[in-house]
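**Q** Mind folding the following:
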Amino acid sequence: MGLLRRIEVNKAPGASYTQQFLSNEDLAPVSEEKQKWGTWNFIFFWIADSFNVNTWMIASSMIQLGLSWWQAWICVWLGYTMVGPFVALNARPGAIFHITFPVVARTSFGLFGSLWCTFNRGVMACIWYGVQTSIGGDCVKVMLRAIWPSVNNIPNHLPASSGTTTRDFMCFFLFWLLSLPAIWFPIHKVRHLFTLKAIVAPTAGVVFFIWCIVKAKGVGPIVSQPSNVKGSGLGWAMVASLMSCISNMATLITNAPDFASRATTPAAALWPQVFSIPLTFSLVSFLGIIVSSSSMAIYGEAIWSPIDLLGRFLDGEPSGATRFGVWFIGMSFTIAQLGTNISANSVSAGCDLTALCPRFINIRRGGYIAAIVGICILPWNLLKDSNRFTSYLSAYSVFLSSIAGVMITEYYLIRKGHYRVKDLYNSYRHGWYWYTWGINFRAYAAYIAGILINVVGFAGATGRSVPTAATRIYQLSFFSGFLVSSLVYYLLNLKWPVPGPGPNATFFECDLSASMEIGGVRSTRRDRQNLEDGRATGRTERRSDEEEEDVGSHKRPHLFSQPSSGSADSKSDDSESRKDKAEADAEVVSVADSESGS
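**A** Predicted structure coming up:
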């Protein structure tokens with residue numbers, strides 16, 4: 001017991017065992033002093049996140065599918081333009097209520113039912129951490145080769161079954177070690193790393209882009225390359241390319257509330273994401289497409305990894321200038337991979353693993369767990385060829401798209417912006433998110449339906465013979481999974497309504513918790529009348545000063561302080577449940593951010 005107490009994270013005084021399972025400091029709504037992400041932070045975040053080797057590789061894989069450069073770029077623009085609204089929609093609850101993905105998932109899947117979604121997303125984050133670390137190891141390898149060419153001749157002592165070599169694993173491990181200190185910093189401070197990356201990485205990318213054009217003797221040989229596929233084959237190759245862009249972002253769509261919870265205003269997490277995602281990813285992908293196309297003109301084959309292309313530059317007897325150029329670009333890509341691993345994987349895994357075991361895990365510890373898992377899954381095997389890589393992306397997006405479909409439908413169509421944040425951290429039997437023993441079976445039925453529509457096509461992707469129609473549905477896996485799960489969830493809620501605002505409620509973002517305030521909030525007598533019995537009208541209008549009742553910008557009281565008295569936990573929960581239900585019907589705390597105009 002002494003050891004367990006020592007490794008416990010900070011907890012609320014007097015919290016029951018159930019409350020310790022549902023919350024810790026990293027799961028609680030983000031305090032105002034940590035809401036530091038403004039408009040430019042989100043823009044720099046997406047500039048930084050877009051500029052990584054993986055984005056180049058996805059764009060380059062389109063050239064390997066037989067598309068011309070302009071066909072590939074059209075797919076990139078369409079794909080990432082579709083991603084922007086999905087990210088903004090799912091980020092909204094985080095920006096409004098300042099809660100992370102694992103907590104937002106409780107609203108739709110239930111207090112305990114959300115654990116599977118969190119586990120699912122956490123596994124994906126750990127896998128991606130390993131994949132990005134493997135790519136980062138390749139960046140370190142070209143850096144070391146540029147300084148010491150003899151690195152390329154390190155003898156191999158690993159068996160062929162390992163899928164790697166002594167040299168490659170050494171570079172992988174060096175990058176893995178380099179990443180560990182960056183995991184230590186909290187989310188609201190790590191934004192400075194993204195600002196640095198947003199300056200250094202694009203500079204190196206443009207240098208690499210110009211260098212490849214010069215080596216290809218101009219853009220003529222690049223842009224004149226025709227498409228190698230025709231007819232329906234061309235159409236479905238473009239569909240597969242477009243979907244690979246969306247699948248690449250499935251994880252960030254799902255866990256969008258994680259970073260949005262740190263937003264200074266809801267508007268900061270809205271339009272900057274809608275516009276910066278397609279713009280930044282399309283520009284970076286354009287560099288990748290042209291660089292990959294230039295490799296066709298230079299070497300007669302499409303090299304889908306920019307790191308492999310840099311390695312080709314070092315073959316033979318490279319000049320000192322070539323070696324310096326490769327070192328600079330490799331160093332910049334190393335920083336890019338480090339930033340991507342923190343933003344897209346370490347933080348996400350930390351948030352998810354925190355929700356799975358909040359008594360012992362916080363975001364920092366969860367990030368280090370992801371680093372350990374990432375090295376254990378042998379991620380280099382996923383990157384051996386572009387077909388395996390894109391198949392892997394499509395396969396896992398099936399699971400995440402179904403989760404996103406349920407979550408977005410829950411917020412906009414079922415709850416219509418109405419939350420009871422306190423219920424997200426307490427197992428009240430009358431709480432909104434208790435459902436059936438903490439599990440919302442409507443959400444799970446919709447989630448499974450979204451997966452089932454793609455199951456047959458997934459079997460075809462593994463090499464089995466399936467109908468062509470199933471293959472086509474699977475090639476649209478993100479949309480099919482999202483739409484089916486969303487539709488099924490909406491229909492099930494019409495048949496079996498959940499607690500909360502009635503079907504006649506209009507969309508209005510507010511927290512109905514009676515004992516909690518978020519930021520500077522305001523409650524009016526008319527709001528309370530509108531929300532009586534949970535049937536919110538959601539109508540807002542300007543009122544006179546005499547009619548308004550200012551709740552004020554008090555410090556956020558601790559949500560989870562509850563006397564612990566041994567076996568009296570269940571009685572305490574029930575009594576608080578009745579009290580909370582009575583109070584919630586009499587109070588509304590509006591969190592619509594009037595300053596932002598969002």
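
**Q** Assign F508 to helix, strand or coil.
**A** Here F508 is recorded as coil under DSSP: H, G, I helix; E, B strand; the rest coil.

**Q** how many neighbours does it have?
**A** F508 is flanked by 20 other residues according to other CB atoms under 10 Å. Yep, even glycine has a C-beta here, placed from its N, CA and C like the rest.

**Q** Worst mean pLDDT across the helices and strands of this protein, which element?
**A** Using mean pLDDT, DSSP states H and E, strand 548-552 stands out as the lowest-scoring helix or strand of the chain, at a mean of 33.

**Q** Within the helices and strands, which one has F281?
**A** Taking DSSP states H and E as the definition, one finds F281 inside helix 271-299.

**Q** for that helix, packing partners?
**A** Counting contacts by 3 or more CB pairs under 8 Å, 6 or more residues apart in numbering; DSSP states H and E, helix 271-299 is packed against helix 39-50, helix 53-64, helix 69-97, helix 187-215, helix 220-223, helix 306-314.

**Q** That one to helix 39-50, inter-axis angle?
**A** 30 degrees (axes from the mean of the first three to the mean of the last three CA atoms, to 10 degrees).

**Q** Break down this protein into its strands, ranges please.
**A** Listed in chain order, the strands found in the chain under DSSP state E are 418-419, 510-511, 521-524, 548-552, 589-590.

**Q** what's the spacing between the residue most central in space within the chain and S348?
**A** For the chain, L252 is the residue whose C-alpha lies nearest the centre (CA atoms, centre = their mean; 2.1 Å). According to CB to CB, to the nearest Å, L252 and S348 sit 8 Å apart.

**Q** same deal with F175?
**A** Going from F175 to S348 by CB to CB gives 19 Å.

**Q** Could you do H157 as well?
**A** 35 Å.

**Q** How about S161?
**A** Distance, S161 to S348, by CB to CB: 31 Å.

**Q** Neighbour count: these two, which is higher?
**A** More neighbours surround S348 than the other of S161 and S348, with 30 against 5 (other CB under 10 Å).

**Q** Run a quick check on that one versus V123, I expect a contact.
**A** No. With contact defined as CB atoms under 8 Å, S348 does not count as touching V123 (10.9 Å).

**Q** intersection of neighbour lists for the two?
**A** Common neighbours of S348 and V123 are not found (criterion: CB atoms under 8 Å, 6 or more residues apart in numbering).

**Q** what are the ranges of the helices in the stretch 301-450 of the chain?
**A** Secondary structure of the stretch 301-450 of the chain (DSSP state H, counting those that start in this stretch): helices located at 306-314, 320-340, 347-356, 363-376, 386-409, 441-461.

**Q** Tell me which of those helices sits most buried.
**A** Ranked by mean neighbour count under mean count of other CB atoms under 10 Å, these are led by helix 347-356, which reaches a mean of 27.

**Q** contacts for it?
**A** 24, 26-27, 100-103, 114-115, 118-119, 121-122, 125-126, 129, 183, 187, 190, 251, 255, 258-259, 361-367, 369-370.

**Q** With stretch 482-502 instead?
**A** By CB under 8 Å, 6+ apart, the residues outside stretch 482-502 that reach it are 108, 401-406, 408-410, 413-416, 418, 420, 430-432, 435, 440, 442-443, 445-447, 449-450, 453, 503, 531, 534-536, 538.

**Q** Recalculate using a threshold of 6 Å.
**A** 401-402, 405-406, 409, 413-416, 418, 432, 442, 446-447, 449-450, 453, 534-536 (CB atoms under 6 Å, 6 or more residues apart in numbering).

**Q** which residues of this protein score low on pLDDT?
**A** 1-5, 10-19, 188, 220-222, 385-394, 462, 514-598 (pLDDT under 70).

**Q** redo that, cut-off 50
**A** For the chain, residues meeting the criterion pLDDT under 50 lie at 515-598.

**Q** quick one, phi/psi of W434?
**A** Backbone torsions for W434, taken as degrees, to the nearest 10, come to phi -80, psi -40.

**Q** any idea how far it is from A404?
**A** With CB to CB as the criterion, W434 and A404 are 23 Å apart.

**Q** for I372, same thing?
**A** For I372 relative to A404 (CB to CB), the value is 28 Å.
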